[in-house]
Every structure is written in C-alpha cells, then in structure tokens.
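1. Sequence and predicted structure below; questions after.
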Amino acid sequence: DPGAHVPVLVIGTGYGGSVAALRLAQAGIDVHMIEMGMAWDTPGSDGKIFCNTTSPDYRSYWLRTKTKQPISNFLGFPIDKNTPRHTGILDAEEMGGIIVYQGRGVGGGSLVNGGMAVTPRRENFGAVLPSVNADEMYGTYYPRANAGLGVSTIDPAWFDTVDCYQYARVGRKHAQRSGFPFIFVPDVYDWDYMKQEAAGTVPKSAVAGEILYGNNHGKKSLQQTYIAQAKATGKVTISPLHKVTSVAPAAGGGYTVVIDQINTNGDTTTTKTVTADKVFFAAGSVGTSKLLVKLKATGALPNLNSETGKGWGDNGNVMCGRANHLWDPTGKVQSGIPCSGIDNWAAGGAFAEVAPLPTGIETYASFYLSITKNPNRAQFSWNAAAGKVDLNWQTAWKQASIDMAKTIFDKINAKEGTIYRTDLFGTYKIWGDHLTYHPLGGAVLNKATDNYGRLHGHPGLYVIDGSLIPGNTSVNPFVTITALAERNIEKIIATDL
Ligand code: FAD
C-alpha cells in the first residue's frame, strides 16, 4: 500500500530474490517482493497459462507488437509475427550491441529458461568468483541450491530409446565421433512427468516443444520451489505488475522506494511510495545494474562506488545450427528441455548445449547454444540526454565466442562432411551472435559490493542476483546465482538482521 513501511523489500522475483525472501522469512522477517512482470497463475481463454513456442501469442513477449524470436528465420524466411502489445513473459531487451533475453513475471528467468541446472567444474570456479571460498560453495551452498531447486538428471536408459531425444542422440554421436566429451546435464524438469508425456498419459509440455514462453507442466520453476516455500511461511507477499523506479535514503532512516503500478499494456496506473529498512536488489543483471547506475548518476544513491555498472558479460553465448545428412534425422518430436552438452572448455573455451529446434517438422538440423570463455566485459552508463542507461557492448566482441565455438563445430563438420546452417539468423548468417540468455555482472561481488553483496556507501542495501557475477560462469548460470545467494543471505541474516 502507498505509504507503507516494510522491514525488507526485495526488487525482483528471480533466483536471487526468491532465495533472499525464503531465508529471511524462515528467520522470522516479513518480506515484500516487487515484480514488474505478471503473476503467471491464471489460464488464458485456451485453458493454458503459457503459450507454445511454435505459436507465440500475446503472452509471449514483453511489450512488443511483433515477436523477436531468438531464431529469427527458417529456410531464410523471417518467422516473426505480429502480436498485441502485452506484458508477456519474455523480454528481448535491445541494449545497443546485444539483445538480452530475460524472463518477466513472478519467478523471473525460471519461467522461460531451459532449466539446465549446471554446477561449474570445481577447477573452473576460481575464475568464476575469485573472492569466494570454493570449499564452502562445493561443500554447502551448491548442494543447498541444487536441493532447493529440485535438480536431477535424465535416466540414461530412457534417453537411449525415446523419440523426443533423437536430436540429442545425434548430438552425442557427432560429438563422440570427433573425440569430444559428451555429458548429461542436470535439469529442474520433472523427468518422471516427461516419461509420462512421451507415453501419452498426461498433458504434454516439454514433449510438445514448450520452452521460451513458459512450460505448462513438468518444469519446476521458482513458482514451484523457492517461491512456494516462501509463501508457505506466511511472511512473504508479492506485488506483480509493480516496477521499482527509485530507491533513496529516507529522512528517518531506511529507504524510500518509488514503485510504478502498471497495467498489461505497460502503462503506469499509479505511483506508490513506501519505506523499507532494508532493500535487496534482485532485478537481474540488467535490471539491477540499470537501477543502480541511474540512482548513482541522478544523486539518489550518491555514495555507490565507481565499480557500479562495470564488469558485465554475456557468458560467452553464441548459437549455431548444423545441417545433417538425410541419414541423420533429428526428429520431428523434440523435447524442449535440453539434457546434454559437449564439453570442450579446457581445450577450446567452449561448452555447447545440444539444444532442441522444436519446429514440429523434421529439419535434419542440429542446434547448439555455446557458452564460451569470451573475455570482453562491458559497462553500463547513464545517458542523461536520453534519460536512460546504456550498455557499451559491441557485436564484434562476439568474434571471440565464435572462434571458441568453432573449436567444436568445425571439427564435427569436417568429420561428418556437413556444413553450418545459414538460414536461422537471417540470410547467409551462420552465427547467432546478436544475443545472450545469460547476462551477468554490473554490480560485481567484492567490487561494487563487499564480499557478501552489501552495497558500499549505503548500509542496508544489498545486491543478490546475477549482477554479482563478473560476466561468466563457464556453464549455465542459475545454479551459481542461487548458490551465491544462499551463501550471502546466510551471512547477512547472521550479522545484519
Ligand atoms: P532474473 O531471474 O532475471 O529475475 C529478475 C526479476 O526482476 C525478473 O522477474 C524481472 O522482471 C524483475 N525486475 C527487473 N527490474 C525490475 C524492477 N525495476 N522492478 C521490479 N521488478 C523488476 N540459465 C541456466 O542456468 N540454465 C538454463 O537452461 C537457462 N536457459 C535460459 C533460457 C532463456 C530463454 C533465458 C532468457 C535465460 C536462460 N537462463 C538459463 C538464464 C537464467 O534464467 C538467468 O541467469 C537467471 O534467471 C538470472 O537470475 P537473477 O536472479 O539474476 O534474475
């Protein structure tokens, strides 16, 4: 309510925000969460909460009048289509040199992502979070995060036989024939449910190609895990369709938070001001960085340090497809949930997810999202003339990622006598180098904050999301975001509250 006072306000309901809310509530503290996206708890007129990847409708994109699909073309033809402007689930946020895809709604990225729940190899952890004790992470916080998220791995015997992973078995064959380690990647999808989907005994979700715009069944998003547990404490409330625009010190202590309530067209209907003793920034790497950079530059939070907005990376994301021979079909039924990867990190700086291309038809295509050791880092800055925050990432910086991904796919193509697809990202364009699914950094741990996410210069303000991680996790990021949040909130509860 306008004018309300809350002990703790959390901005955003993704991984970092959900961990903070649950653990604070369990410690007996009342928490209010603010989320700019929708609640995603009510079916549309088709009886479904989420729309399918093959038929994006008004629910698909965040405030766009046309879809902005990561794979923009097929057989060279553009496949984007008009949709009514709506507070849909997937934001394709254009930041100059890169499009950053993000989930919008209660659950953040967990609503739209593939659920691939990967703990980095321990020997790589020092490069991921240099100031964090690896023994504590691997002994306590990664296990806690994996348990909280409900992570498990596909049954290998089932994988070997089921139609919907034919594409991944082709991926395995090609990886192994070129001498690359092929690994099963854990996920938060309920594998028993997927077995029943494949057997035709329950409503289909992953097996019907659902991914990107939400899964109606089977995927354990944060709504089913951390947020459900947080709500069950009775101490956590959530305001969807509310967007935080300002946080500034309040006269009597604590912070004044300004919040726009929006409707499903994205228009502001009310502006509310509340006060909070403590504020957790959990708006995601881009959301948190944009807020902090603006608030520092405009004088609302003048004491934030000069590291604010720095150290942003794309987790080295780059996509590509390969055209297989007619004797290597990848299947017209493809599970939307990836379950495997090709690990060439140590030798070539690339870890490639064997990804689905769920079109509903046989494409003979193998599709991959590579995570690479791209060294480039960008910075957010306040553009006073335009009244917005800019990011100085350059599209050309993806060349490093392309070179690393090629250490895998040039070799596979040479071995198989195959070529890259050139029809998925435009005409004659091999590499999906215009986007990331994995924004990281902007308020880096032990730089913009102390070693537990406390923002310098403003006691009672914390960062607890992907913006703490300096640009790369060597694998898919959400398990690391969750584990780091578990570590930091434990310390903060013990010492600050
Ligand atoms: P987020 O989950 O992004 O949550 C931030 C929340 O804050 C959002 O709900 C946002 O709407 C809200 N918010 C932002 N600004 C404001 C504001 N001003 N006021 C109020 N609310 C605000 N990672 C993996 O590990 N495995 C995968 O398989 C995987 N697949 C992916 C597939 C796709 C298509 C995408 C887009 C991402 C994928 N990711 C995956 C990445 C993963 O989802 C993110 O790394 C993760 O969600 C980031 O967590 P976070 O807590 O930092 O923020």
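-> Alright, I've got the coordinates.

2. use CA for all of it now, contacts and neighbours both
-> Fine.

3. Touching the lengthiest strand in the chain from outside, list them.
-> Of all the segments assigned as strand in the chain under DSSP state E, the longest by residue count is strand 268-281. In this structure, residues lying in contact with strand 268-281 by C-alpha atoms under 8 Å, 6 or more residues apart in numbering are 1-12, 17, 250, 253-263, 288, 460-465.

4. What strands flank it, and is each parallel or antiparallel?
-> Partner strands and pairing direction for strand 268-281 (DSSP bridges) are strand 5-11 (parallel), strand 255-262 (antiparallel), strand 461-463 (parallel).

5. Pull out the buried positions in that strand.
-> Burial within strand 268-281, assessed by neighbour count using 16 or more other C-alpha atoms under 10 Å, is assigned to 272, 273, 274, 275, 276, 277, 278, 279, 280, 281.

6. any idea which of the residues you listed is the one closest to the ligand?
-> Using C-alpha to the nearest ligand atom, residue 281 is the member of those that sits closest to the ligand, with 8.5 Å.

7. What pLDDT does the model give that closest one?
-> On pLDDT, residue 281 comes in at 99.

8. Quick check: bridge partners of it?
-> The residues paired with residue 281 through beta bridges, assigned by DSSP bridges, are residue 11, residue 463.

9. Pull out the buried residues from the helix or strand harbouring residue 175.
-> Under the criterion of DSSP states H and E, residue 175 resides in helix 166-177. If you call a residue buried by 16+ other C-alpha under 10 Å, then helix 166-177 has these buried ones: 166, 167, 168, 169, 170, 171, 172, 174, 175.

10. and the ligand, which of those residues reach it?
-> Filtering the buried residues of helix 166-177 for neighbours of the ligand using C-alpha under 6 Å from any ligand atom leaves an empty set.

11. Is it possible to get a markdown table of these that adds pLDDT and distance to residue 191?
-> As requested, the buried residues of helix 166-177 are exported to a markdown table (pLDDT from 0 to 100; distance: C-alpha to C-alpha, whole Å):
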| residue | pLDDT | distance to residue 191 |
| --- | --- | --- |
| 166 | 97 | 16 |
| 167 | 97 | 17 |
| 168 | 98 | 16 |
| 169 | 98 | 17 |
| 170 | 98 | 20 |
| 171 | 98 | 20 |
| 172 | 98 | 19 |
| 174 | 98 | 25 |
| 175 | 98 | 24 |
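
12. Out of those, which is nearest to the ligand?
-> Nearest to the ligand among these is residue 168, at 15.1 Å by C-alpha to the nearest ligand atom.

13. residue contacts, that closest one?
-> Contacts here follow C-alpha under 8 Å, 6+ apart; on that basis residue 168 touches 330, 338, 339, 340, 354, 355, 356.

14. Confirm for me that the last one is in contact with residue 334.
-> When you say that, I think you mean residue 356. Yes - the criterion here is C-alpha atoms under 8 Å, and residue 356 meets it with residue 334 at 6.2 Å.

15. any shared contact partners between the two?
-> Residues touching both residue 356 and residue 334 (C-alpha under 8 Å, 6+ apart) are residue 167.

16. In three-state terms, label the residue of the chain most remote from its centre for me.
-> Distance from the centre of the chain peaks at residue 252, with 36.9 Å (C-alpha atoms, centre = their mean). When the structure is reduced to helix, strand and coil (DSSP: H, G, I helix; E, B strand; the rest coil), residue 252 reads as coil.

17. can you start the count at 22 instead of 1 from here on
-> That works, and once the first residue is 22, the last one we named lands at residue 273.

18. Torsion angles phi and psi at it?
-> Note on residue 273: backbone dihedrals following degrees, to the nearest 10 are phi -90, psi 20.

19. how close does it get to the ligand?
-> Taken as C-alpha to the nearest ligand atom, to the nearest Å, the spacing of residue 273 relative to the ligand amounts to 24 Å.

20. Can you tell me which residues in the stretch 122-271 of the chain are near the ligand?
-> When proximity is defined as C-alpha under 6 Å from any ligand atom, the stretch 122-271 of the chain approaches the ligand at 122-131, 133-138, 233, 263-266.

21. Out of the residues you listed, which sit inside strands?
-> Among these, the ones falling in strands (DSSP E) are 122, 123, 124, 263, 264, 265, 266.

22. Separate out the buried members of the residues you listed.
-> Applying a neighbour-count criterion of 16+ other C-alpha under 10 Å, the buried members of those are 122, 123, 124, 263, 264, 265.

23. wait, the second one sits on residue 112?
-> It refers to residue 123. Yes - applying C-alpha under 8 Å, one finds residue 123 in contact with residue 112, separated by 5.1 Å.

24. Between those two, which contacts overlap?
-> Going by C-alpha under 8 Å, 6+ apart, no residue sits against residue 123 while also sitting against residue 112.

25. Does the nearest residue to residue 155 once chain neighbours are set aside belong to a helix, a strand or coil?
-> Closest residue to residue 155 in three dimensions, ignoring its sequence neighbours and counting by C-alpha to C-alpha, 6 or more residues apart in numbering: residue 146, at 7.0 Å. Reducing the assignment to helix, strand or coil with three-state DSSP, the entry for residue 146 is helix.

26. ok, residue 146 - how many residues close by?
-> Counted with other C-alpha atoms under 10 Å, the burial measure for residue 146 works out to 19 neighbours.

27. That one against residue 154, yeah?
-> No - with contact taken as C-alpha under 8 Å, residue 146 and residue 154 are classed as non-touching, separated by 9.5 Å.

28. can you list residues touching both of those two?
-> The overlap between the contact sets of residue 146 and residue 154 (C-alpha under 8 Å, 6+ apart) is empty.

29. show me where the stretch 322-471 of the chain has helices.
-> Secondary structure of the stretch 322-471 of the chain by DSSP state H, counting those that start in this stretch: the helices cover 366-369, 420-437.

30. With mean neighbour count added, can I get these in a markdown table?
-> Rendered in a markdown table, the data for those read as follows (neighbours: other C-alpha atoms under 10 Å):
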| stretch | mean neighbour count |
| --- | --- |
| helix 366-369 | 14 |
| helix 420-437 | 19 |
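
31. Okay, and the beta partners of the nearest residue to residue 268 once chain neighbours are set aside?
-> Closest residue to residue 268 in three dimensions, ignoring its sequence neighbours and counting by C-alpha to C-alpha, 6+ apart: residue 278, at 4.5 Å. For residue 278, the beta-bridge partners are residue 268, residue 295 (DSSP bridges).

32. Tell me who's in contact with residue 278.
-> 265, 266, 267, 268, 269, 294, 295, 296, 297.
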